[in-house]
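Peer 1: just to be clear, the model below is a prediction. Sequence and coordinates:
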Amino acid sequence: MHILIYSYNYYPEPIGIAPLMTELAEGLVEQGHEVRVITGMPNYPEREVYEEYRNKWYVTEKRNGVTIQRCFLRIKSKPNLVDRLLLELSFVFSSLPQALNGWRPDVIFVTIPPLFVTLPAFFLGWLYRCPVVLNVQDILTEAAKNVGLIQNKLMIRALSELEKFAYKNAHSISVIADCFVDNLVKKGVSPSKIVRISNWVNVNFIRPLPKLNNPFRVASKLEDKFVVLYSGNIALTQGLETAIASAAFLKDIPEIVFAIVGETKALEELRKCCRKYNTNNVLLLPLQPREKLPQMLAAADVGLVLQKRNVVCFNMPSKIPLLLASGCPIIASVPSKGTAAKAVRQSGGGVVVAPESPSSLAAAILDLYKKPAKAAELGKKGRKFAVDKYSYESAIAQYEALFADAKFLRNADAIVKQVDDLKVLPELVVRHTNYDGSSIN
C-alpha cells in the first residue's frame, strides 16, 4: 500500500507521539509498504524549531525508507490561545503543498490532536478518493476544558463541532484505551467504526538493565541512591508539584532522590517549586537523547506517573508502557477511575495512589524503599505484561490490517456504486425509446 501519515510530531523529537509515529512509519516500510509522512519542522518539547530547520518553508528527507516532508510552522515558545490557533492553522495551510507533492495514497492516517489537521487530511481523502483513518491520542475537548487550557465557551464549542465532523467523516478510528471507545460512542460514533490499538513499546530496545555501573546513575551521581524518576512532558495535566511536595516529606532520608527529567524551560518553573518546598533531594535534569532512554529508565528504582484529579478518561500516558517494559515498578498518582489507573492495575506492575496527594505519594515511595522484594516483584510483573500486551510487532500488524481493510472497503463501496449506476441504464434506455417511438435493436 501507499500510506500517507499526517502527524504534527515526528523524529527527531524525543518524547510524546513522535517516537511512536516514527516507529509505525518505519515498521510499515519494513513490511513492504510505501510511506510518506507530512509533519512540521521539529520543535517539541521546547516549542522552538530546531536550529538546522529554522527559517525554512519546506524540507524533504529520507530516513529508514520513509519519505519525510516537513512544513513551515508559526510557533511561539510561550504560546497563548491565539498563538496556538495560528500554529495549527499554519500547519493546515503549509502542509497541503507537501501532501500534494508525491504519489497518490491508498490510505491517509492522521493523528489527533491537533484537531485542525483533520481538515487537510479530509480534503486529500476527497481529492484522492481514499479512506482517512483517525488515530485519537487524547480527547482534546475534554482535556482543554478540564485542565483550563481553553476557557472560552465559543472556542470549546467550535472544537466540539470540529471533533464531531472528524469522527463522522473518518472511515475508521483507532483509539489507545477502552474508555476512549466509551467516550466516542457517547458522542454518537458507531462502535463498528472504532478499533482499539494500544500504544506500543519496543521491548527489545526498552528492557531491564543492571543498575550497577549504569551510565545515567554514574553521570548523575546517583550510584548509591534510591532513585524516584519522572521523565517526559511537563504540562498542565501532570501536576509535578505533587512530586516535589512529596519529596519534602522524604528529605530526611538521604538515600531517596527524586530525578525529574524534562524540557529546560519547564524545569526552570520547577526550580521555583523546589525553593518553595525547600527540597534538597530533587535533581532536575534535561531530556536525554532517545538512544540513552533504556539506561535512564533502568537507573530508576521507582517510576512516577502523575496526573491531576480532573484528568480521567481523555489521556493515556505513553510513559506507562515504557516503564513497564524497563522492569521499573510504577507509582501512579492518578484518578482511581481513570485510564492510567486501569492500565497500571491491569499490568500488575505498580500501585495507584490518590492524585494531588503528596502524603499518599510519599507513603507509597517509602513502602517500596523499605520493601525491595515487593518492588522487584512489581517490576517483573510489569515487564511480562509489556511483552505480552504492548508488543511493537503486534501493533504494526494491527495497523497494517486496519489500513488494508479501509482500502478494501473503500474500493468495494466504489464498485457497488458503479454497479448501482449500471442498474439504472436499461430503464433510461427504455424511457428514451418510449419517448421517440423507435425500437431497441
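Peer 2: Now that the structure is in, tell me what you want to look at.
Peer 1: how about F165, what does it touch?
Peer 2: Contact partners of F165, counting by CB atoms under 8 Å, 6 or more residues apart in numbering, are T118. Any C-beta I mention is one placed from the backbone N, CA and C, and that applies to glycine too.
Peer 1: that one: which element?
Peer 2: Taking DSSP states H and E as the definition, F165 sits inside helix 153-169.
Peer 1: try I5
Peer 2: Assigned by DSSP H and E, I5 falls in strand 2-6.
Peer 1: now tell me what touches that strand from outside.
Peer 2: By CB under 8 Å, 6+ apart, strand 2-6 touches 21, 24-25, 28, 33-38, 95, 99, 102-111, 117, 120-121, 124, 403.
Peer 1: also stretch 210-218?
Peer 2: Against stretch 210-218 from outside (CB under 8 Å, 6+ apart): L222, E223, K225, V227, Q288, K292, Q295, M296, A298, A299.
Peer 1: only alpha carbons, please: show it as PDB.
Peer 2: The C-alpha trace of stretch 210-218 is given here as PDB (Å, rounded to 0.1, in the frame of the first residue of the first chain):
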ATOM      1  CA  PRO A 210      21.700  -3.700  35.500                       C
ATOM      2  CA  LYS A 211      21.800  -0.800  37.900                       C
ATOM      3  CA  LEU A 212      25.500  -1.400  38.800                       C
ATOM      4  CA  ASN A 213      27.700   1.000  36.700                       C
ATOM      5  CA  ASN A 214      24.600   2.300  35.000                       C
ATOM      6  CA  PRO A 215      25.700   5.300  32.800                       C
ATOM      7  CA  PHE A 216      22.800   7.500  33.900                       C
ATOM      8  CA  ARG A 217      23.400   6.800  37.600                       C
ATOM      9  CA  VAL A 218      27.100   7.400  37.300                       C
END
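Peer 1: mind listing what's buried along that stretch?
Peer 2: By neighbour count on 16 or more other CB atoms under 10 Å, the buried set for stretch 210-218 is N214, F216, R217.
Peer 1: now it, how far from the chain's geometric center?
Peer 2: Stretch 210-218 sits 29 Å away from the centroid of its parent chain (CA atoms, centre = their mean, to the nearest Å).
Peer 1: number the residues from 145 up from this point.
Peer 2: Shifting the count to begin at 145 puts that one at stretch 354-362.
Peer 1: so for it, mean pLDDT?
Peer 2: Here stretch 354-362 scores 93 as its mean pLDDT.
Peer 1: count of neighbours near K515?
Peer 2: When neighbours are counted by other CB atoms under 10 Å, K515 registers 12.
Peer 1: try V226
Peer 2: Look at V226: counted by other CB under 10 Å, it has 9 neighbours.
Peer 1: what helix or strand does it sit in?
Peer 2: Assigned by DSSP H and E, V226 falls within helix 225-244.
Peer 1: which residues does that helix contact?
Peer 2: The contact list for helix 225-244 (CB under 8 Å, 6+ apart) reads 148, 150, 152, 182, 184, 201-202, 204, 213-220, 223, 258-261, 263-264, 267-268, 294, 296, 299.
Peer 1: 7 Å instead, please
Peer 2: Contact with helix 225-244 is made by 148, 152, 182, 184, 202, 213, 215-220, 223, 258, 260-261, 263-264, 268, 294, as judged by CB atoms under 7 Å, 6 or more residues apart in numbering.
Peer 1: next one: R207 from P163, what distance?
Peer 2: Separation of R207 from P163 (CB to CB, to the nearest Å): 13 Å.
Peer 1: so between those two, which is more surrounded?
Peer 2: Counting neighbours by other CB under 10 Å for R207 and for P163 shows that P163 has the greater number, 21 against 15.
Peer 1: ok so, going back, please indicate which of the contacts of stretch 354-362 are buried?
Peer 2: Neighbour-count burial (16+ other CB under 10 Å) is assigned, among those, to L366, K369, V371, Q432, Q439, M440, A442, A443.
Peer 1: inside strands: which ones of the contacts of helix 225-244?
Peer 2: Residues of the contacts of helix 225-244 located in strands (DSSP state E): L148, I182, G184, Y202, Q213, C215.
Peer 1: ranking the residues you listed by neighbours, who comes first?
Peer 2: Highest count within the ones in strands among the contacts of helix 225-244 by other CB under 10 Å belongs to I182, 29 neighbours.
Peer 1: please, where are all the strands along the stretch 345-494 of the chain?
Peer 2: Ranges of strands in the stretch 345-494 of the chain, per DSSP state E, counting those that start in this stretch, are 370-375, 400-406, 426-430, 446-450, 474-477, 494-497.
Peer 1: save those as JSON lines, and put in mean pLDDT too.
Peer 2: Formatted as JSON lines, the strands of the stretch 345-494 of the chain follow (pLDDT from 0 to 100):
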{"stretch": "strand 370-375", "mean pLDDT": "95"}
{"stretch": "strand 400-406", "mean pLDDT": "93"}
{"stretch": "strand 426-430", "mean pLDDT": "93"}
{"stretch": "strand 446-450", "mean pLDDT": "95"}
{"stretch": "strand 474-477", "mean pLDDT": "96"}
{"stretch": "strand 494-497", "mean pLDDT": "96"}
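Peer 1: in a markdown table, list those along with distance to I350.
Peer 2: Listed next are the strands of the stretch 345-494 of the chain as a markdown table, based on distance: least, CB to CB, whole Å:
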| stretch | distance to I350 |
| --- | --- |
| strand 370-375 | 12 |
| strand 400-406 | 15 |
| strand 426-430 | 19 |
| strand 446-450 | 12 |
| strand 474-477 | 14 |
| strand 494-497 | 16 |
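Peer 1: what's the domain layout of this structure?
Peer 2: Following automatic domain parsing, one gets these domains for the chain: 146-344+536-560, 359-533.
Peer 1: pLDDT weak spots in the protein?
Peer 2: By pLDDT under 70, the low-scoring segments of the chain are 221-225, 284-296, 379-382, 455-458, 554-585.
Peer 1: hmm, 50 instead?
Peer 2: 569-585 (pLDDT under 50).
Peer 1: tell me the contacts of the most centrally placed residue in it?
Peer 2: Residue closest to the average C-alpha location in the chain (CA atoms, centre = their mean): I161, at 3.8 Å. For I161, the contact set (CB under 7 Å, 6+ apart) comprises S151, N153, T255, Q281.
Peer 1: next one: I378
Peer 2: L384, G406, E407, A410.
Peer 1: out of these, which end up buried?
Peer 2: Of the contacts of I378, these count as buried by 16+ other CB under 10 Å: L384, G406, E407, A410.
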